[in-house]
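Novice: quick one, what's the 3D model for this:
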Amino acid sequence: MLLTDAIDAFAVHLERVRRLSEATVRAYRGDLADLAAVTGETRVDDVDLEQLREWLWHASQRGDARSTLARRTSAARAFFRWALEEDLIPVDPSLRLVAPKRGRTLPRVATADALSDVLQRLGENAREGDPVAQRDHALLELLYGAGIRVSELCGLDPDDLDLERSTARVLGKGAKERVVPFGVPARRALTSYLTTGRPALAARATAPPPALFLGVRGGRLGPRAVYDLVTRHVGPALASSAVGPHTLRHSAATHLLDGGADLRAVQELLGHASLGTTQIYTHVSSERLAAAYRLAHPRA
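Specialist: Residues are numbered from 1 along each chain as shown. Sure thing, here's the model as predicted:
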């Protein structure tokens, strides 16, 4: 079987058998497509360790980060392990493929005061009645208040909200559903948006979708638009343009832990399969503690 055909079959396996998210399957396919571009039109059973090493070398030469190289190594190992199980190859060429060590990068976090200022300003704009301003305010309040992923946010429909209980039902990675709480400010912003803002945006489309957050033309708001929205509103507060929806997720988790929330409760809120993934936020809190100590303690 050709390598490209095997990659297509592997992607189907990831989607239908392992039930990975669309974004994860797309990432695997992208990494393996890069491998196919280096090896050329070849059979999957002709790929050897030297070709895999050459592939990673090409990636390092063009400046790919160590985290990217490590992810691609992981994708190759998963692919060839599957190929061996499917009898597409006699031996697994990736067994001795060494992944570069990932450098631990702490997530970017906004302060609670900075986000409070941003959300207060958005609330003032929303009170003027502009439907887009009402949408932006409700969206950012929910994104930060519930700590959800951008894909989960964009997939929400109005029926997924329970305003009485202040909860939202979201579909996370691996099609896993969970219910997340949000606070009073988010509930107020969502109520206002659903009452006047969303109907005004829906009226701009001939057949508006059953989506919670709509674009200026009445269609479902996509992740790219949410990235732009967060960058425009939150970026100035951090003096950076490298700010996206995950910044609010990171900030929510860190602020919960700073406030004394249980680590496992935060894990459930974020929808992390592993507690180890959530523990990175304890490092962020430790960094803040160390910084405060160095600034304030007379013997620091």
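Novice: C-alpha only now, for contacts and for neighbours.
Specialist: Fine.
Novice: all helices of the stretch 201-300 of the chain, in order?
Specialist: Assigned helices in the stretch 201-300 of the chain, in chain order: 223-238, 245-258, 263-270, 275-278, 280-296 (criterion: DSSP state H, counting those that start in this stretch).
Novice: can you check the stretch 1-150 of the chain too?
Specialist: 3-16, 22-39, 49-61, 66-85, 112-126, 131-146, 150-154.
Novice: lowest average confidence across these, which one?
Specialist: Ranked by mean pLDDT, these bottom out at helix 49-61, which scores a mean of 85.
Novice: got phi/psi on the residue most central in space within the chain?
Specialist: Centrality entry for the chain: nearest residue to the mean C-alpha point is residue 149, 5.0 Å, by CA atoms, centre = their mean. Residue 149 adopts backbone torsions of phi -80, psi 160, taken as degrees, to the nearest 10.
Novice: select, out of the helices of the stretch 1-150 of the chain, the one closest to residue 223.
Specialist: helix 150-154 (6.1 Å; CA to CA).
Novice: the next helix or strand after that closest one packs against which elements?
Specialist: The helix or strand immediately downstream of helix 150-154 is strand 161-162, counting by DSSP states H and E. Applying 3 or more CA pairs under 8 Å, 6 or more residues apart in numbering; DSSP states H and E, we find strand 161-162 packed against strand 167-171.
Novice: the following helix or strand past the strand it packs on: which residues count as buried?
Specialist: The helix or strand immediately downstream of strand 167-171 is strand 177-181, counting by DSSP H and E. By neighbour count on 16 or more other CA atoms under 10 Å, the buried set for strand 177-181 is 179, 180, 181.
Novice: ok, stretch 193-208 next?
Specialist: 193, 194, 197, 198, 200, 201, 202, 208.
Novice: quick one: residue 158 and residue 214, what's the gap?
Specialist: Separation of residue 158 from residue 214 (CA to CA, to the nearest Å): 11 Å.
Novice: any chance of CSV for the buried residues of strand 177-181, columns pLDDT?
Specialist: Compiled in CSV, those are given as follows (pLDDT from 0 to 100):
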residue, pLDDT
179, 91
180, 90
181, 91
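Novice: so which of these comes closest to residue 8?
Specialist: residue 179 (33.7 Å).
Novice: mind listing what that closest one touches?
Specialist: Listed by CA atoms under 8 Å, 6 or more residues apart in numbering, the contact set of residue 179 reads 167, 168, 169, 170.
Novice: hang on, the earlier thing: more neighbours, residue 158 and residue 214?
Specialist: Per other CA atoms under 10 Å, whichever of residue 158 and residue 214 has more neighbours is residue 214, with 26 against 15.
Novice: show me what that one is bridged to.
Specialist: Residue 214 has the following beta-bridge partners by DSSP bridges: residue 220.
Novice: in the stretch 151-300 of the chain, where is pLDDT below threshold?
Specialist: 241-242, 276, 279-300 (pLDDT under 70).
Novice: would you map out the domains in the protein?
Specialist: Following automatic domain parsing, one finds the domains of the chain at 3-85, 112-294.
Novice: and the nearest residue to residue 251 once chain neighbours are set aside, how close does it get to residue 67?
Specialist: Among residues not flanking residue 251 along the chain, residue 109 sits closest, at 4.8 Å (CA to CA, 6 or more residues apart in numbering). Distance of residue 109 to residue 67, given as CA to CA: 20 Å.
Novice: buried residues in stretch 158-173?
Specialist: Of the residues in stretch 158-173, those buried (16+ other CA under 10 Å) are 160, 161, 163, 166, 167, 168, 169, 170, 171, 172, 173.
Novice: I'd like these as a markdown table, with distance to residue 117 appended.
Specialist: Below are the buried residues of stretch 158-173 laid out as a markdown table (distance: CA to CA, whole Å):
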| residue | distance to residue 117 |
| --- | --- |
| 160 | 28 |
| 161 | 26 |
| 163 | 24 |
| 166 | 23 |
| 167 | 24 |
| 168 | 25 |
| 169 | 28 |
| 170 | 27 |
| 171 | 30 |
| 172 | 29 |
| 173 | 31 |
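Novice: and the two most separated of those residues?
Specialist: 163 and 173 (24.0 Å).
Novice: of the contacts of residue 179, which is the nearest to residue 231?
Specialist: residue 170 (23.2 Å).
Novice: tally of neighbours for the nearest residue to residue 205 once chain neighbours are set aside?
Specialist: The shortest distance from residue 205 to any residue other than its chain neighbours is 4.8 Å, reached at residue 218 (CA to CA, 6+ apart). When neighbours are defined as other CA under 10 Å, residue 218 has 21 of them.
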